[in-house]
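Chemist: can't give you the sequence, but here's the structure:
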């Protein structure tokens, strides 16, 4: 299992949890509010690590810009 949590400026928290197989959750929160979440249980179609990272990063950056 891999887990990482980053505390970003402006009160944002980014978290990645990856378990065995293709079970994962990537999330961006501000306080207790989930702004972006990609998960295997949420229906995100996993194609590759690169695509997952790109899609999540794009949506997270958009959410941070919106504040």
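Modeler: Structure's in. What do you need? Because the structure is predicted, anything quoted here is derived from the model rather than measured.
Chemist: now do the helices in this protein.
Modeler: For the chain, the helices defined by DSSP state H cover 49-66.
Chemist: where does the prediction get shaky in it?
Modeler: Across the chain, nothing is flagged by pLDDT under 70.
Chemist: now the strands for it?
Modeler: 2-7, 12-18, 24-30, 33-39 (DSSP state E).
Chemist: can I get these in a markdown table with distance to residue 63 and mean neighbour count?
Modeler: Yep, even glycine has a C-beta here, placed from its N, CA and C like the rest. Below are the strands of the chain laid out as a markdown table (distance: least, Cβ to Cβ, whole Å; neighbours: other Cβ atoms under 10 Å):
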| stretch | distance to residue 63 | mean neighbour count |
| --- | --- | --- |
| strand 2-7 | 14 | 10 |
| strand 12-18 | 8 | 16 |
| strand 24-30 | 6 | 19 |
| strand 33-39 | 4 | 15 |
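Chemist: would you format these as CSV with distance to residue 64 included?
Modeler: Putting the strands of the chain into CSV (distance: least, Cβ to Cβ, whole Å) gives the following:
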stretch, distance to residue 64
strand 2-7, 12
strand 12-18, 6
strand 24-30, 7
strand 33-39, 8
